[in-house]
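Undergrad: The sequence isn't on hand, but the structure is:
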């Protein structure tokens, strides 16, 4: 185990495998958010590869359940080509409006499933209550349990004392995988050909996807940089046959400032695409440019060539080999877990403003030309 995760107290570090005659039933707990769900997908893949015929269930919030169900079907198709008997992951939805009573009811229902392995990838009060019900209310059956640590002490030291005990790059996906080493998975980054990609569109219709939005303004690349990047691409003959898709939510009206005037090769999607539709758009694209957002982790998971614009956040670095990290590694970085808080640099957003549109344009061009290495630093 490295610095980013710890095993639960009392958990043996010895690799454990079920008896050959025992049916493996795994429960994975990760409720939110979208970016974390996508990073947790790498851990789910590891479990499927380790136990192809296992019955795996994933508990998540109801507002993510539909997307996750459809997306998992696509990844299962890729697994079935390599491991023909791979079972699909079952998604169990929890409506948070039901509150603690609803969660308690769901926990007792899951108790009847008699899971052999439970992985708490969320580690909050709800998931800990579920673990207690599954592990301590039936003496005749106790599942093997792993929990992903949140490393609160190390985070506090990093953000408040500037004492770093994490390993660069800070990959959230790796932190979801590392606890599973105790069950026999490997931490190796999968190859870029993990999944069959949809047939690419014709050259005349090739596309790029820009994701300027983020939940917190502090981790958004400046709008002036997006405008300049858009101008550089539209003026570059190398991209003459590319359509540029700019994606965002219905409330992201600021994206309108990036496109000053209608252009036949620029399409804005502001709240018009579901996450499943965004996923399909990205899988068919030639490249994605994004900050530390769910869109970045979606593209990274599906091995879409991506440029990650990393600013103040700590744990959103991409994990796959097709993503290129652009960050300045200033002394003040990182200063936030997820983009909340205030900038501590005298120059507001210096970590993002210093990533110039010209550098992003050059990197993107290199990716398209195939002349740029795409492995992470």
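TA: Looks like it came in fine. Values in this document were obtained by computation on a predicted structure and should not be read as measured data.
Undergrad: May I ask which helix or strand of the protein has the lowest mean pLDDT?
TA: helix 62-82 (a mean of 84; mean pLDDT, DSSP states H and E).
Undergrad: Now do the buried residues in it.
TA: Applying a neighbour-count criterion of 16 or more other C-beta atoms under 10 Å, one finds 64-65, 67-69, 71-72, 74-76, 78-79 buried in helix 62-82. Backbone N, C-alpha and C define where each C-beta goes, glycine included.
Undergrad: same thing with stretch 228-245?
TA: 228-230, 232-233, 239, 242-245.
Undergrad: got it, and stretch 218-228?
TA: For stretch 218-228, by 16+ other C-beta under 10 Å, it's 218-221, 225-228.
Undergrad: And for stretch 106-114?
TA: Neighbour count says stretch 106-114 has 106-107, 110-111 buried, by 16+ other C-beta under 10 Å.
Undergrad: So the nearest residue to residue 349 once chain neighbours are set aside versus residue 229, what's the distance?
TA: Here the nearest residue to residue 349 in space, its sequence neighbours aside, is residue 343; by C-beta to C-beta, 6 or more residues apart in numbering that works out to 5.9 Å. Residue 343 sits 22 Å away from residue 229, going by C-beta to C-beta, to the nearest Å.
Undergrad: Thought residue 355 was touching residue 328, still the case?
TA: Yes - between residue 328 and residue 355 there is a contact under C-beta atoms under 8 Å: 6.7 Å.
Undergrad: Please list the outside residues in contact with the least confident helix or strand of the chain.
TA: Helix 62-82 has contacts (C-beta atoms under 8 Å, 6 or more residues apart in numbering) with 31-32, 34, 37, 41, 44-45, 48-49, 52, 58, 60, 86, 88-89, 91-96, 194-196, 274-276, 279.
Undergrad: could you flag which of the residues you listed are buried?
TA: Looks like those have 31, 34, 37, 41, 44-45, 48-49, 52, 58, 60, 86, 88-89, 91-94, 194-195, 275, 279 buried, using 16+ other C-beta under 10 Å.
Undergrad: Among the residues you listed, name the ones in strands.
TA: 58, 60, 91-94 (DSSP state E).
Undergrad: from the residues you listed, which is closest to residue 144?
TA: Distances from residue 144 to those, taken as C-beta to C-beta, are shortest for residue 58 (17.1 Å).
Undergrad: So what pairs up with the closest one in the strands?
TA: residue 28, residue 91 (DSSP bridges).
Undergrad: how close does it get to residue 162?
TA: 37 Å.
Undergrad: mind listing which of the buried residues of stretch 106-114 are in helices?
TA: Residues from those lying in helices, with DSSP state H as the criterion: 106-107, 110-111.
Undergrad: With distance to residue 258 and pLDDT as extra columns, can I get those in TSV?
TA: Shown next, in TSV, are those (distance: C-beta to C-beta, whole Å; pLDDT from 0 to 100):
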residue	distance to residue 258	pLDDT
106	43	97
107	45	97
110	45	97
111	50	95
